[in-house]
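[1] okay, predicted coordinates and the sequence, questions at the end:
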Amino acid sequence: AGALTVDDGVVNGAATINGGTVTLNNGGSLGGTTVNTGGTLNGTGSVGSLDSVGGKIAPGNSIGTITVDGDANLELDTVLDFEVSVDGGTSADLLDVAGSATLSDGLTMNLSQFGGGEFAGGETFTVVDADGGLTVDPDNLTFNSALDDVAFNPQVSGNQLQLTAELLNFATWDGGGDPD
């Protein structure tokens, strides 16, 4: 397993990532791409189509987009890594699919914050946009947040998977009497 960076160039033909990482930079482009267990596709660029069974998809090199010119089929045990930002507005990594997107049950979505800023609660982030239609049951996805005080509630709006930030309220206790 190693690493390959496609920087402002095009790799024609199908690509299969069985181990290691392929990074798209500055609009780098791959043909039809399959990411299997142990493989990672990340960065900002495009692929002809996208299939994954147990691979990791991580749009952006900070906040950024992986564009899929065709369809995306993300199967069981695939991991999606997304960063969200509230620094100077709201933005998030995006999987932008020109065709249809299927996110199967058992998919895991990891969420972390990029940059500074404080969440107010209620911010909405679009993380998947599928022009040709979106098939997903948000209740059957696993969400992991690197933020201790923010949860993300998924919803489908048209052909988009969106996440809305919710502030978590923790009881405080100063050690004496009853907790607040």
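    Looks like it came in fine. Numbering: from 1, shown residues only.
[2] first-to-last residue distance for stretch 50-58?
    13 Å (Cα to Cα, to the nearest Å).
[3] same check on stretch 46-62?
    16 Å.
[4] could I get the buried residue list for that stretch?
    Within stretch 46-62, the residues that count as buried by 16 or more other Cβ atoms under 10 Å are 46-53, 55-61. For the C-beta atoms, the positions are set from N, CA and C on the backbone; glycine is no exception.
[5] below-threshold pLDDT in the protein: ranges please.
    1-2, 170-180 (pLDDT under 70).
[6] list the strands paired with the lengthiest strand in the chain, with their directions.
    Longest strand in the chain, counting residues (DSSP state E): strand 20-30. In the sheet, strand 20-30 lines up against strand 3-7 (parallel), strand 10-11 (parallel), strand 39-47 (parallel) (DSSP bridges).
[7] which parts of that strand are buried?
    For strand 20-30, by 16+ other Cβ under 10 Å, it's 21-25, 28-30.
[8] now for these, which pair is the farthest apart?
    Thr21 and Ser29 (16.6 Å; Cβ to Cβ).
[9] okay, and the residue nearest the centre of the chain sits in which element?
    Geometric centre of the chain, nearest residue: Phe82, 3.7 Å, by Cα atoms, centre = their mean. Using DSSP states H and E, Phe82 sits within strand 79-85.
[10] counting by contacts, list what that strand packs against.
    strand 56-59, strand 91-92, strand 108-113, strand 124-130 (3 or more Cβ pairs under 8 Å, 6 or more residues apart in numbering; DSSP states H and E).
[11] Asp149: which of the ones you listed is closest?
    For Asp149, the closest of the helices and strands packed on strand 79-85 is strand 108-113, at 10.6 Å, according to Cβ to Cβ.
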